[in-house]
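Peer 1: coords please:
(chains A, B, C and D)
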There are 2 protein chains.
Amino acid sequence: MKNKKDQDTEQQILQAANRVFQKKGYEGARMQEIANEAGINKALLHYYFRSKEKLFDRIFREAFSNFWPSIEKVTKGGNAEIKELIEAAVNGYMDILEDKPFLPAFIVGEINRSPERIKDLLLSTGLQPEKVLKIVQDAIDAGEIVEMDPRELIVNIVSLSIFPFIGRPLLSSMFWESTEEFDLFLKDRRKTVYEFICRSIMKRT
Amino acid sequence: MKNKKDQDTEQQILQAANRVFQKKGYEGARMQEIANEAGINKALLHYYFRSKEKLFDRIFREAFSNFWPSIEKVTKGGNAEIKELIEAAVNGYMDILEDKPFLPAFIVGEINRSPERIKDLLLSTGLQPEKVLKIVQDAIDAGEIVEMDPRELIVNIVSLSIFPFIGRPLLSSMFWESTEEFDLFLKDRRKTVYEFICRSIMKRT
DNA sequence: GTCTATATAGGGATAGAC
DNA sequence: GTCTATCCCTATATAGAC
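Peer 2: Residues are numbered from 1 along each chain as shown, chains lettered A, B, ... in the order given. Below you'll find the predicted structure:
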């Protein structure tokens, strides 16, 4: 049963490539290291994926598509509660990032390296930023939250959720005893970030 | 007067190296490209800075030391107003980042590449995180702001200030018509971020 | 499909003339 | 101090046997 073996090797390669590319970036990654991690040799790597570029593209597209929290449940109807949206976004990011803490640094680093493909990548995700903006705008129009550029709120939510993972080495060195303790702090953030944002935008009656 | 010329060439190199390293990172940067940008050749590059590693180290240390907004005026006394601290921090970052928007992506990317030198780098900056934490803690004890882990506030200030610059390509593609318009948004942030934070933490009487 | 061996290019670094 | 020419190693990629 050759097919089984093929699948297996390809998966080994993809997992190894994922680890190495995410840690070292495209330029820093070595095909040799990926081969070693996958338990095969370089030639076989090129047999499966013709070039480093192609292998990277596969990995990066996958990573990029995993980067967006699923908030469809909230946006579907179109007239969701703003608090639901915030909670879904924050929790969504936390779920992803606790599992893959190096994802954001990888994404932003590689996008910075070649910004030209952003449009293409975004299209393939099928994201609909307008829907999210509309929910925020509706909440403003309804007087539920303070007046602001809806995009400002989005940027703030994303910043508060993602940045601590990007700045983890620096932040933990400066303000925590160990990275383990910092990770505990990160675990709490799904609650504290939500509260921090709500305190700022909700109108009191 | 040879000395003048030396200085000049060295400066050319440093500026070129700065541009190239910040854009491409250590692994992606090419000594050839730095030489071209500086208007000289590779050999002369090695004459001034013996190796790529040494040249990079020089650039990175400089960049790292420029990364910290000066808030000494506020922290000196030790009993500063919390609002002053926030304003100084946000404005400090905005000043730096409007001038050098790629600095944070560069710093976090390279620190990720070799996290072991963080301690050394932080020491050489002479930063005193405790002082900042104390100001926040005092404000909490005095009942001026809501109860929270002081480090949480710091992390939030830093996240809101820095992340939009790191995520600029993505954010601007998703929510703005052009990068120019996004930059206008960034200009406003020194006000909106400050207000966003204050609304969240200040107790109403 | 998987391996060993090798071709080829690119990039960091040095030698040596001026 | 600055250049040209070149060395040498490393990394991607391919050829060809099994």
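Peer 1: show me which positions of the helix or strand harbouring A:T9 end up buried.
Peer 2: Taking DSSP states H and E as the definition, A:T9 sits inside helix A:2-28. For helix A:2-28, burial by neighbour count (16 or more other Cβ atoms under 10 Å in any protein chain shown) applies to A:9, A:12-14, A:16-22, A:24-26, A:28. C-betas here are computed from N, CA, C, even on glycine.
Peer 1: out of those residues, who's nearest DNA strand C?
Peer 2: A:T9 (3.8 Å; Cβ to the nearest atom of the strand).
Peer 1: low-scoring stretches of chain A, by residue?
Peer 2: Where chain A drops to pLDDT under 70, the residues are A:1-5, A:77-79, A:205.
Peer 1: strands of that one, start to end?
Peer 2: Per DSSP state E, chain A carries no strands over any range.
Peer 1: returning to that earlier point: what about DNA strand C: which of the buried residues of helix A:2-28 touch it?
Peer 2: A:T9 (Cβ under 7 Å from any atom of the strand).
Peer 1: with respect to A:R113, which of the buried residues of helix A:2-28 is nearest?
Peer 2: In terms of Cβ to Cβ, no member of these lies closer to A:R113 than A:Y26, at 6.6 Å.
Peer 1: just list the residues touching the nearest residue to the closest one once chain neighbours are set aside, thanks.
Peer 2: Leaving aside its chain neighbours, A:Y26 sits nearest to A:F56 (5.3 Å; criterion: Cβ to Cβ, 6 or more residues apart in numbering or on different chains). In this structure, A:F56 makes contact with A:A17, A:F21, A:Y26, A:A29, judged by Cβ atoms under 8 Å, 6 or more residues apart in numbering or on different chains.
Peer 1: gap between A:F56 and DNA strand C?
Peer 2: 16 Å (Cβ to the nearest atom of the strand, to the nearest Å).
Peer 1: what's the closest non-adjacent residue to the spatially most central residue of chain A?
Peer 2: Chain A has A:F67 as the residue nearest its centroid, 3.0 Å off, counting by Cα atoms, centre = their mean. Closest residue to A:F67 apart from its sequence neighbours, by Cβ to Cβ, 6+ apart: A:I107 at 5.6 Å.
Peer 1: for that neighbour, give me its contacts.
Peer 2: Counting by Cβ under 8 Å, 6+ apart, A:I107 makes contact with A:A63, A:F64, A:F67, B:L170.
Peer 1: tell me the two of those residues that are most distant?
Peer 2: Largest separation among these by Cβ to Cβ: A:A63 and B:L170, giving 13.2 Å.
Peer 1: ok, of the contacts of A:F56, which one's closest to B:S178?
Peer 2: A:Y26 (27.0 Å).
Peer 1: now do the contacts for the closest one.
Peer 2: Going by Cβ under 8 Å, 6+ apart, A:Y26 touches A:K52, A:F56, A:E110, A:R113, B:G28.
Peer 1: doesn't A:E33 make contact with the first one?
Peer 2: No - applying Cβ atoms under 8 Å, one finds A:K52 not in contact with A:E33, separated by 11.5 Å.
Peer 1: closest residue of chain A to DNA strand C?
Peer 2: A:A43 (3.1 Å).
Peer 1: OK, contacts around that residue?
Peer 2: Listed by Cβ under 8 Å, 6+ apart, A:A43 has no contact partners.
Peer 1: which stretches of chain A form helices?
Peer 2: Secondary structure of chain A by DSSP state H: the helices cover A:2-28, A:31-38, A:42-48, A:52-65, A:72-75, A:82-99, A:103-113, A:118-125, A:129-141, A:150-166, A:168-175, A:179-201.
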